[in-house]
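Participant: The sequence and its predicted three-dimensional model are supplied below.
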Amino acid sequence: MNNEGGAALDEQEQKSSALGFLSNTDVLRQITLILGLTICLAIAVFILLWGKEPEMRPLGTFNTQELVSTLDYLDQQKIPYQVDGKSVLVSAENYADIRLRLTRAGLASSSDASNDGEAILLKDSSFGVSQRMESERLKLSRERQLASAIEQFQNVAKAQVLLAIPKDNVFARNERKPSATVVLSLKGTALGQGEVDSIVDMVASAVHGLEPTRVTVTDQNGRLLNSGSQDPLSAQTRKEFAMQQKQELEYKQKIDAILIPVLGADNYTAEVDLSLDFSQQEQTRKTYNPDLPAVRSEMTVEENSANGSNGGVPGALSNQPPAASNIPEQAAGGEGGTTSSGRSRKEATRNFELDTTVSHIRRQQGGIRRMTVSVAVDYKAVPGADGAVTREARSQAELDTLRRLLSGGLGFDVTRGDTLEVVAIPFNRPELETVADIPVYEQPWFWRAVRIAASVLVIIVLIVTVVRPMLKRLLYPDAKPEGELDFDNHTVLGGDDELSLLAAQAEAEPVFGLRDGQLKLPDLHRDEDLLKAVRALVANEPDLAAQVIKEWVTKDA
């Protein structure tokens, strides 16, 4: 009995000390159990983190420069992200908003695709390289230089230039002209026509013999910015249409700037139609003014001559006597003496020129030939005495005031036929129906809560079904499964109170003994269990065992 008490005491000490049980357990078994517990713990942590972690979505694939810029922007905006190589992952819930903010900031994603053909062309030159290969390398170098120059534009993220340069031909009639294609990746904002023309002129001037009309420019969305294959008339028509749309948009913005502070953004609608004059006109005019003559030239000659006594410079001619003349004996008039003769000449020439004006007029293309503006104004809301809101038409005075505002702000010219219509008309405003409540299972927080609850449930099941039995086997390696009776000491090994209560009830009931001269044993199904039961009976009930043996001997006798 003392030995049995010492064994029970040792067993109790081993149960109270986990380290004691670990020391008595096989080393391989300890390692296996600890490894299993570690794996279960890791799985539990992973499931818990998976339940709390938001769903991530790839934002795009970036090259090195774009990746640095994008990460700097995300850090600056304090947006959580994950980096997977050259891809950036963001929360799927905020994906649309982050994408829009990146686009507004001018950060676009692009994928780096390596070109095996370029790698071959850029190899070191060798003795066996053909002339064609050398020319292709030179062309590729020029394409990359042009692309690098175009990427210096503020709104251009990436550029690719393709040149088609034919071989030189000695015959002029068979000579083919080069052409070029430029593909642009923009940063979210469209290029102006001036920037497109700059790119076209830059490419055309960098390639010998390339004309600007043979340069095609397109963007990453497939929009044709400049055509090198269309005829000049079609290209000119496209430019004129773009110019008309631009001017109409400018006038709409002016209308908004005038009417929004007065009426509100949703209380009017306006439309502008412009008729532009793209014809080239040059006019030279020469006019004369007969009422304002001008003297062009004038010549005046006046000559007076008189004959008197000889005189002059002394000399041979002046000292000669006069020729013989008949002197009258008596002068007329009864007067004596001599008279002197004279000569006078007067000539005047005056030329007049009419006042002439020469004017040369060259009209600018794209001038407004006629402008038509239509504005529809909604009825105004008037609150009633009972609080109900009614809609009433605006007075003619209000419409005239709006018409004067628009006429002065838009620069109307009646002489060229501009028209302006301001009409009050009730707008069709459908009543907004009450939006039905979103079901719980369609709300964004529902599935996240389901994931967290499922994670917690999986962890609990894992602990109950795997971790707890493994811990018991690790701490109590010699313990019997719960509910199994140990007939050696008449106790039930169990940790829970309910199992202990059932074990106590089982001990209270007679599971084995003599009844009606027969040995009653528990319901055992294996020989090992039967042998254990018999040993327990002999050890704990020696008198009963002796009586059974005596009865067996008596029956055999």
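Facilitator: That came in fine, so what should we check first?
Participant: the helices in the stretch 1-150 of the chain, which residues?
Facilitator: 2-16, 18-24, 27-52, 64-76, 95-104, 116-121, 131-150 (DSSP state H, counting those that start in this stretch).
Participant: so how far is Leu138 from Pro542?
Facilitator: Separation of Pro542 from Leu138 (Cβ to Cβ, to the nearest Å): 112 Å. Just so you know, the C-beta spots here come from the backbone N, C-alpha and C atoms, and that holds for glycine as well.
Participant: do the same with Leu399
Facilitator: 70 Å.
Participant: who has more neighbours, the two?
Facilitator: Taking other Cβ atoms under 10 Å, Leu399 and Leu138 do not tie; Leu399 has more neighbours (17 against 12).
Participant: Which strand or helix spans that one?
Facilitator: Using DSSP states H and E, Leu399 sits within helix 396-410.
Participant: pretty sure Asp277 is touching Arg370, no?
Facilitator: No: using Cβ atoms under 8 Å, Asp277 is not in contact with Arg370, being 9.1 Å away.
Participant: What are the neighbouring residues in contact with Val422?
Facilitator: Val375, Val377, Leu399, Leu402, Arg403, Leu406 (Cβ atoms under 8 Å, 6 or more residues apart in numbering).
Participant: give me phi/psi at it?
Facilitator: phi -120, psi 110 (degrees, to the nearest 10).
Participant: and what of the one 5 residues further on?
Facilitator: In this entry, Phe427 is assigned phi and psi values of phi -80, psi 150 (degrees, to the nearest 10).
Participant: How many residues are close by the closest residue to it other than its chain neighbours?
Facilitator: In space, and not counting its chain neighbours, Phe427 is closest to Asp378: 4.3 Å by Cβ to Cβ, 6 or more residues apart in numbering. Residues within reach of Asp378, counting by other Cβ under 10 Å, total 20.
Participant: again, but for Leu405
Facilitator: Around Leu405 there are 15 residues (other Cβ under 10 Å).
Participant: Wait, Arg473 touches Leu33, no?
Facilitator: Yes: if you go by Cβ under 8 Å, Arg473 and Leu33 touch, sitting 6.7 Å apart.
Participant: Look at the two and report which has more neighbours.
Facilitator: Just comparing Arg473 and Leu33: by other Cβ under 10 Å the higher neighbour count belongs to Leu33, 19 against 14.
Participant: Need the per-residue pLDDT for the closest residue to Ser185 other than its chain neighbours.
Facilitator: Distance criterion Cβ to Cβ, 6+ apart; nearest residue to Ser185, sequence neighbours excluded, is Lys158 at 4.0 Å. If you check Lys158, the pLDDT there is 86.
Participant: got it, and Pro58?
Facilitator: Taking Pro58 on its own, its pLDDT is 79.
Participant: Kindly report the same for the one 4 residues further on.
Facilitator: Per-residue confidence for Phe62 comes out at a pLDDT of 76.
Participant: Now the residue nearest to Ser185. Its backbone dihedrals?
Facilitator: Phi and psi for Lys158, reported as degrees, to the nearest 10, are phi -150, psi 150.
Participant: Gln160 too?
Facilitator: Taking degrees, to the nearest 10 as the convention, Gln160 sits at phi -130, psi 130.
Participant: In contact with it, which residues are there?
Facilitator: Glu143, Ala147, Val182, Val183.
Participant: What of Ala545?
Facilitator: Ala545 touches Leu537, Val538, counting by Cβ under 8 Å, 6+ apart.
Participant: quick check: domain ranges of this structure?
Facilitator: 54-104, 116-123+131-229, 265-277+367-424 (automatic domain parsing).
Participant: Could you find the closest non-adjacent residue to the residue positioned nearest the centre of the chain?
Facilitator: By Cα atoms, centre = their mean, the chain has its centre lying nearest to Thr103, at 2.4 Å. Distance criterion Cβ to Cβ, 6+ apart; nearest residue to Thr103, sequence neighbours excluded, is Gly188 at 4.7 Å.
Participant: neighbours of that neighbour, just the number please.
Facilitator: Close neighbours of Gly188, defined as other Cβ under 10 Å, add up to 14.
Participant: Make sure it is indeed in a strand.
Facilitator: No: looking at Gly188 with DSSP: H, G, I helix; E, B strand; the rest coil, it is coil, so not inside a strand.
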